[in-house]
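Enquirer: Okay, sequence plus prediction incoming.
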Amino acid sequence: MISIEEALEKILAYVNILEEEEKPILDCLGQILAEDIYSSIDVPPLDNTAMDGYAVQASDTLNASRESPRFLSVIDTVAAGYISKYEVEPGTAIRIMTGAPIPKGADSVVQFENTDELTRRESATDQQLPTEIGVLCEAEAGLNIRRAGEDITKGSMVLSKGVVIRPSEAGILASLGHNKVMVIRRPVVAILATGDELVDISQPLPPGKIYNSNTYSVSALVLHYGGIPKILGIALDNEDSVVASLRRGLDADMLVTSGGVSAGDYDIVKDILAKEGEIAFWTVRMKPGKPLAFGTIRGASKGGKVKNIPHLGLPGNPVSSMVTFEMFVRPAMLKMMGKKNLVKPTIEAVLEDSIVNSDGRRILARTVVKKRDGRYFARLTGPQGSGILTSMSLANGLAIIPEDKARMKAGDVVQVMMLDWSESQP
Ligand code: AMP
Ligand code: MG
């Protein structure tokens, strides 16, 4: 039995970063940018106003106050998206809306609140805009002006190769007028459930059978971490059935099976890996998840070269398959996607239950982590049987009980690998 770290190292040694592809900016959220992005424009393109108000010459507002306003004649109104054809000269102002380019001649914008705009409009009997405005305070040059290029200057490198495309990056790309971008492609993960007892969720449930839930939890994890699940369905507990199903997944970047790896069934996966590829290891010093199997399956030969596809044989128990996915499939997927940070954030928390470690494996206990008085507390989500999938749904973290700790008690400080920081968690 090898440690979690050794297992992960072996798996990562078999996976490589995938190719680049061009994608519309909304289809590549979470993917890694594969090119440096330079701007061919200034953002914003022109000096423009940050406020609704009046574009003026600052020198015209000298000594203006509520008691002694400076009156200017209004020569135009300009909305965002339009350029005034007039020029602000001494004694004049142009009414201007947020985002509109600053007219020629103006060097500052006095917001409506600092003019008598409101009183004029309230007392006006018609819908006419004021032809004269009183400025109620002094404005210095540059007031309320957003400079051309203040966000992004023309010619500068805005996003560099290797960044993750998130909503703000999608927005930046759009602000530069890019509708497509080069990214590292998403891995296709073929998913096969094994077990004579399994029934697809579209079918009625006959006596003695259970629904195949792993395909859905595992596919959801693949989607969640940015991959593309390729569902291969359910195979029976015999070599021919599993091999036939796996063959349909040979164009994927990774094969993930569930079940058929625990002691009783182990021979199926071992024999398949031996015949169809190579086994790298079986069993990891962890709980849940001990019977994890890993190896490669020979794919189709392309131009005389045979592609070996990494195959993770996850244990069939629903919790074990999810936990081993988090520990091994997720980092492998992230490496393929070109990500550098493969680890989940870990926090320190005060354990609220006692946990016994009977056989020297590392326990990953499903816990719900909550913050109280500036500290994190981790409480077990209930019975820890690896068939109890609801305990996974309640958890937002996995408390780590080291191999060499026979027992941890309430009050002890533990490391918790956070599965989710989402506000939707309990
Ligand atoms: P195995 O690893 O095949 O020995 O399976 C361990 C346990 O997980 C058994 O109780 C199986 O019935 C259950 N199991 C295996 N595959 C699935 C699946 N796809 N969905 C739900 N439960 C499963
Ligand atoms: Mg089975």
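Expert: In hand now; what should we look at? Ligands and ions are numbered 1, 2, ... in the order given.
Enquirer: And for the helix or strand harbouring K275, what's in contact with it?
Expert: Assigned by DSSP states H and E, K275 belongs to helix 266-276. Applying Cβ atoms under 8 Å, 6 or more residues apart in numbering, the contact partners of helix 266-276 are 194, 237-239, 242-243, 246, 257, 260-261, 279, 282, 291, 293, 295-298, 311, 313. Where C-beta positions appear, they are placed from N, C-alpha and C, glycine not excepted.
Enquirer: Near ligand 1, list only the ones from these.
Expert: Restricting the contacts of helix 266-276 to those touching ligand 1 (Cβ under 6 Å from any ligand atom) yields G260, V261.
Enquirer: re earlier: for the helix holding K275, list every residue counted as buried.
Expert: For helix 266-276, burial by neighbour count (16 or more other Cβ atoms under 10 Å) applies to Y266, I268, V269, K270, I272, L273, E276.
Enquirer: Just the buried residues from the contacts of helix 266-276, in ChimeraX please.
Expert: Entered in ChimeraX, the line below selects the buried ones among the contacts of helix 266-276, by 16+ other Cβ under 10 Å:
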select :194,237,239,242,243,246,257,260,261,279,282,291,293,295,296,297,311,313
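Enquirer: In strands only, show me the contacts of helix 266-276.
Expert: Using DSSP state E, the subset of these located in strands is T194, T257, I279, W282, A293, G295, T296, I297, R298, H311, G313.
Enquirer: tell me the pLDDT at the second one?
Expert: Looking at T257, its pLDDT is 97.
Enquirer: how far away is it from V242?
Expert: With distances taken as Cβ to Cβ, to the nearest Å, T257 is found 7 Å from V242.
Enquirer: got any residues that touch both of those two?
Expert: In contact with both T257 and V242: L192, T194, A235, V269, using Cβ under 8 Å, 6+ apart.
Enquirer: Now do the contacts for the first one.
Expert: Meaning L192. Contacts for L192 (Cβ under 8 Å, 6+ apart) come out as L232, G233, I234, A235, V242, S245, L246, G249, L255, V256, T257, S258.
Enquirer: And the closest residue to S156 other than its chain neighbours, how close does it get to E276?
Expert: The spatial neighbour of S156 that comes closest, neighbours along the chain excluded (Cβ to Cβ, 6 or more residues apart in numbering), is S39 at 5.7 Å. Per Cβ to Cβ, S39 is found 50 Å from E276.
Enquirer: can you check R330 too?
Expert: Separation of R330 from E276 (Cβ to Cβ) stands at 25 Å.
Enquirer: send the alpha carbons of stretch 99-114 over as PDB?
Expert: Extracted C-alpha coordinates of stretch 99-114, given in PDB (Å, rounded to 0.1, in the frame of the first residue of the first chain):
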ATOM      1  CA  GLY A  99     -19.500  57.900 -20.200                       C
ATOM      2  CA  ALA A 100     -19.800  60.700 -22.800                       C
ATOM      3  CA  PRO A 101     -16.500  62.000 -24.300                       C
ATOM      4  CA  ILE A 102     -15.400  65.300 -22.800                       C
ATOM      5  CA  PRO A 103     -16.100  68.000 -25.300                       C
ATOM      6  CA  LYS A 104     -13.300  70.100 -26.800                       C
ATOM      7  CA  GLY A 105     -12.400  73.100 -24.600                       C
ATOM      8  CA  ALA A 106     -13.700  71.600 -21.300                       C
ATOM      9  CA  ASP A 107     -11.300  70.600 -18.600                       C
ATOM     10  CA  SER A 108     -13.700  69.500 -15.800                       C
ATOM     11  CA  VAL A 109     -17.200  68.200 -15.100                       C
ATOM     12  CA  VAL A 110     -19.400  69.700 -12.400                       C
ATOM     13  CA  GLN A 111     -21.900  67.100 -11.300                       C
ATOM     14  CA  PHE A 112     -25.600  68.100 -11.300                       C
ATOM     15  CA  GLU A 113     -25.700  68.100  -7.500                       C
ATOM     16  CA  ASN A 114     -23.200  71.100  -7.600                       C
END
